[in-house]
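Student: Just to be clear, the model below is a prediction. Sequence and coordinates:
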Amino acid sequence: MNAPLQHDTHPLAGQTMSGADIIVQVLADEGVDVVFGYSGGAILPTYDAIFRFNAANPSAKGEDPMPLIVPANEQGAGFMAAGYARSSGRVGVALVTSGPGATNTVTPVRDSMADSTPIVVICGQVPTSAMGTDAFQEAPISNIMAACAKHVFLVTDPSKLEATVRTAFEIARTGRPGPVVVDVPKDVQNWKGVFTGRRDVLGRLPVPGYRARLRVTDEARIDDASLARFHELFKAAKRPMIYAGGGVIHAEAAEQLRAFANEYRIPTVMTLMGLGAYDTTDPLSMHMLGMHGTAYANYAIDDCDLLIAIGARFDDRVAGVPSKFARNAKAILHFDVDASEINKVKRVTWSHVGNLKVALTQVLAHGRAQNFKPDYREWHGHVAELKRVHAMNYDRASATIQPYAIIEAINRITKGDAIIATGVGQHQMWAAQYFDFRQPRLWLTSGSMGTMGFGLPAAIGAQFANPKKIVVDIDGDASVRMNIGEMETITNYGLPIKVVVLNNSGDGMVRQWQKLFHESRFSGSDKTLHKKDFVKAAQADGFEYAVQLSNPANIDRVVGEFVAFPGPAFLEVVIDRDAGVYPMVGPGMSYAEMITGDWIASREPPKVLDVSKTQLF
C-alpha cells in the first residue's frame, strides 16, 4: 500500500485555502493520480478545485496530474476506484455528490468492505445548516454507510477537514484494508482556513485505539516456543498443503509466500480472491479450491495431512461443511492479520496474527536454521496424478461454442500476464478456472458480495492504474447490462480495454441452480426474448472493433484479432446455453461429494442432490 509520508516542510504550509482546495491538496499529497466521480451541486466546489489544481500543475507533457474520470453513474465510479486499488495496491478515490450520488456508491463501498479493498469515497453533503431538514438531495450518508464501510467521517468542523481526509487514507490502507467514506457539507468545502501541510501522525486525527491495534499487529513476532511448535507440526507432515487467500495479496506478501512454498516445494491452492498469490503455471500450483475450484485442488485438500492457511478465512465457498473440510488433516496452521478470523469457522491447531511478510520470513528462516529439508516426492507424485486424472475439461467437439474454449484462446495469447476483470455469474467462474495468473493483482472480481456489473468499471479503473498492460473484461450478457453505460466511458477516454460478453441469453448461474434444484423452472432467468444487439450497442458507444462470434471454427482467428486490436475492442460470443460450471460442490456437500459434470473425472460415485439444502446460492 502507498505509505503515508513523514512530516516535512510542505511548500504550501500556512497558506489560506478553501476546504475544497484542502481536499484536493491532500489527495495530491497522498499520491492520488486519478479520481473517478460524477458531479452535482453539493460537490461542485471540490470539482472546481480539481480543475484549478490541474490547470496550475500540468505535467511535463502538459497532461493533468489528477485527471477526473466521469463514469455513467456513481456506482461505476466506486467500482472504478476499486479496480484501480485492487490492480495497483494503492488507494482508489471516488468523488460524488450528495443524496442519490452518494447512495449510488453504497454497493461498491459494501463490495470493497467484503473484499478488503482500500478506497476513499468523498461525498458532498448539503450545508450543515440544512442537515436534517430533508433538504434537496440530502441523505444521511454517515448512517447509511456506517454498516457498509470500514469507517465513515462526517466533517462538520472545517478546521478538522485536512486531518480527516489524511486519516481516511491511513485507515483505508492499513491493517485489513477497506473503504472509508468522508461526507463533506458544501459550506465546509467553501470555508477558508489555514492549510497545515502536516503529513505525519500529528497532521491526522487522534485515533489511538485503532493505531494501538495496528501497532500490536505490526510489531507481532512469532516467539521461539511458537516457532518450535510450528516446525514440530510441519516436520510431522508427509502431505502438506498451502491454502492461500486474498490476504496474501493485500499484505503484498506473495514474494514471501512463494519463497516459503518453493523452499519446501509445497503444493499450493488459492481462493477465488487469492488467485495470483502463487504462480498458477507452476507445477505445484493446484489453482483454485472451493465450490467451483478444480477437482484436483479439492481432492488434494481432502488428502493432505497438514493444511497451512495464509491470509484465508475459511469462508462458505471454501469450507462449506467445516467439519468435513480438510478431513484428513492432522493439523491446521493459520496465519492472518485479523484476529477475528482465527477459529471463526474452523478450529485450528496453531495460529499467528500479524504481518504476513514478517511471519513467513520468520518461519522460513527458522526452517533454514534447522537445515530442514523434507522429501515430499511421494506427495508430489500423488498431486501430479490428481492433476492428470481430474484435469479441467469440456466437450471439445461441440458444434456450439463452449465458453471455456474462448478463455483458453485468450489465455494462450496473454500467457497469464493480463489483468482480468469479471462480472458475476458463470463467466466469472469459468474465467477463474481457465485463466492463468502468474502474478498477484491480475485478477479483479467481486468475491464475497458477488456484485453483477463489477467487471466493466473495474477494468476501467485497472487500465488507468496500469496503462501499459492488457486489460480484459470477461462478462456475461446479464452482468454487463448492470453497468453497460460504462462502455461509452471506455471509448470516451480511448482505453484499449478488451470486453468479452459470453452470451447465453440469461442469468446462467441462476439457470444452473434452477436446473439442479428447481426442476428446470427458469423463473426470471430466461432472457431469450431480450432484443439487445450488443454489437450495435458497442458500435453506438464508439467501439471501432465490435464483432459477434458464433462459429467454433473461427475462435482462434477472431480472438487473435480481438486481443491484437490497438484500441477499445468488443467481442460478443454466442455460447452453448447449457454450458455449466463444473466442478460444483453443492450445498451441504463435502469435497468428496463434488459434482464434476460429464467431462471431468470424479473419484466418487455421483450423489443425488438434496434439494432441501439449497439455502446458499
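Tutor: Noted; the coordinates are in hand.

Student: per-residue confidence for residue 608?
Tutor: For residue 608, the model assigns a pLDDT of 62.

Student: ditto for the one 4 residues further on
Tutor: Predicted confidence (pLDDT) for residue 612: 60.

Student: Repeat that for residue 3.
Tutor: 47.

Student: wouldn't residue 528 be in contact with residue 506 here?
Tutor: Yes. With contacts counted by CB atoms under 8 Å, residue 528 reaches residue 506, the gap being 7.1 Å. Heads up, the C-betas are built off the backbone N, CA and C, glycines and all.

Student: So for those two, which residue has more residues nearby?
Tutor: Legend: neighbour count by other CB atoms under 10 Å for residue 528 and residue 506, higher for residue 506 (22 against 9).

Student: That one and residue 198, how far apart?
Tutor: Applying CB to CB, to the nearest Å, the value for residue 506 to residue 198 is 55 Å.

Student: which of the residues in stretch 436-450 are buried?
Tutor: Neighbour-count burial for stretch 436-450, counted by 16 or more other CB atoms under 10 Å, picks out 436-438, 440-450.

Student: typed the wrong thing, it's stretch 595-606
Tutor: Buried-residue list, stretch 595-606, by 16+ other CB under 10 Å: 595-597, 600, 602.

Student: in a helix, that's where residue 247 is, yeah?
Tutor: Yes. Counting by DSSP: H, G, I helix; E, B strand; the rest coil, residue 247 falls inside a helix.

Student: which ones are touching it?
Tutor: Contacts for residue 247 (CB atoms under 8 Å, 6 or more residues apart in numbering) come out as 116, 176, 253, 274, 310-313, 336-338, 356.

Student: buried subset of those residues?
Tutor: 116, 176, 253, 274, 310-313, 336-337, 356.

Student: Check which helices and strands the helix or strand containing residue 112 is in contact with.
Tutor: Residue 112 is located in helix 106-114, with elements delineated by DSSP states H and E. If you count contacts as 3 or more CB pairs under 8 Å, 6 or more residues apart in numbering; DSSP states H and E, helix 106-114 packs onto helix 74-88, strand 119-125, helix 141-146.

Student: Need phi/psi at residue 552.
Tutor: Here is the backbone geometry of residue 552 (degrees, to the nearest 10): phi -60, psi -30.

Student: again, but for residue 257
Tutor: Listed backbone geometry of residue 257 is phi -60, psi -50, with angles given as degrees, to the nearest 10.

Student: how far away is the closest residue to it other than its chain neighbours from residue 336?
Tutor: Residue nearest to residue 257 in three dimensions, not counting chain neighbours: residue 248, with 5.2 Å by CB to CB, 6 or more residues apart in numbering. Residue 248 is 10 Å from residue 336, where distance means CB to CB.

Student: which residues do those two both contact?
Tutor: Joint contacts of residue 248 and residue 336 (CB under 8 Å, 6+ apart) are 310-311, 356.

Student: Show me which of those is closest to residue 324.
Tutor: Minimum distance to residue 324 across those is 21.6 Å, recorded for residue 310 (CB to CB).

Student: returning to that earlier point: out of the helices and strands packed on helix 106-114, flag the one nearest residue 418.
Tutor: From the helices and strands packed on helix 106-114, taking CB to CB, the stretch that ends up closest is helix 74-88, at 11.1 Å.

Student: and the angle for the closest one with strand 119-125?
Tutor: 150 degrees (axes from the mean of the first three to the mean of the last three CA atoms, to 10 degrees).

Student: What is helix 74-88 packed up against?
Tutor: Secondary-structure packing of helix 74-88 (3+ CB pairs under 8 Å, 6+ apart): strand 35-38, strand 92-96, helix 100-103, helix 106-114, strand 119-125, strand 443-444, helix 455-465.

Student: right, and the helix or strand after the last one?
Tutor: The reference is to helix 455-465. Using DSSP H and E, the next helix or strand after helix 455-465 towards the C-terminus is strand 471-476.

Student: got the angle for that next one vs helix 455-465?
Tutor: 180 degrees.

Student: Show me what strand 471-476 is in contact with.
Tutor: By CB under 8 Å, 6+ apart, strand 471-476 touches 407, 410, 414, 418-423, 425-428, 430-431, 455-456, 458-459, 462-463, 495-504, 507-508, 563.

Student: all strands for the stretch 451-600 of the chain, in order.
Tutor: For the stretch 451-600 of the chain, strands defined by DSSP state E, counting those that start in this stretch occupy the ranges 471-476, 498-503, 545-549, 569-574.

Student: Could you save those strands as CSV and add columns showing distance to residue 485, mean pLDDT and mean neighbour count?
Tutor: Output for those, formatted as CSV (distance: least, CB to CB, whole Å; pLDDT from 0 to 100; neighbours: other CB atoms under 10 Å):
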stretch, distance to residue 485, mean pLDDT, mean neighbour count
strand 471-476, 14, 98, 30
strand 498-503, 13, 98, 28
strand 545-549, 16, 98, 19
strand 569-574, 14, 98, 24
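
Student: How much space separates residue 193 from residue 12?
Tutor: Taking CB to CB, one finds residue 193 at 13 Å from residue 12.

Student: What is the least confident helix or strand in this protein?
Tutor: Least confident helix or strand of the chain, by mean pLDDT, DSSP states H and E, is helix 508-517 with a mean of 82.

Student: My read is that residue 590 contacts residue 328, right?
Tutor: No. With contact defined as CB under 8 Å, residue 590 does not count as touching residue 328 (11.7 Å).

Student: which residues do those two both contact?
Tutor: residue 302.

Student: Settle it for me: which of these two has more neighbours?
Tutor: Taking other CB under 10 Å, residue 590 and residue 328 do not tie; residue 590 has more neighbours (18 against 12).

Student: Skipping adjacent residues, who's closest to the more buried one in space?
Tutor: residue 324 (3.8 Å).

Student: contacting residues around that neighbour?
Tutor: 590-592 are the contacts of residue 324 under CB under 8 Å, 6+ apart.

Student: same thing but at 10 Å, please
Tutor: 302, 588-593 (CB atoms under 10 Å, 6 or more residues apart in numbering).

Student: how many neighbours does residue 344 have?
Tutor: Residue 344 has 15 neighbours, counted by other CB under 10 Å.

Student: measure it to residue 334 for me?
Tutor: Residue 344 is 10 Å from residue 334, by CB to CB.

Student: who touches both of the two?
Tutor: 313-314.

Student: quick one on the thing from earlier: from the buried ones among the contacts of residue 247, which is closest to residue 206?
Tutor: residue 176 (21.2 Å).

Student: Can you tell me the closest non-neighbouring residue to the closest one?
Tutor: In space, residue 176 is closest to residue 338, 4.9 Å off (CB to CB, 6+ apart).

Student: Could you do residue 74 as well?
Tutor: Once flanking residues are discounted, residue 74 sits nearest to residue 104: 3.6 Å by CB to CB, 6+ apart.

Student: I'd say residue 547 and residue 536 touch.
Tutor: No. Between residue 547 and residue 536 there is no contact under CB atoms under 10 Å: 11.8 Å.
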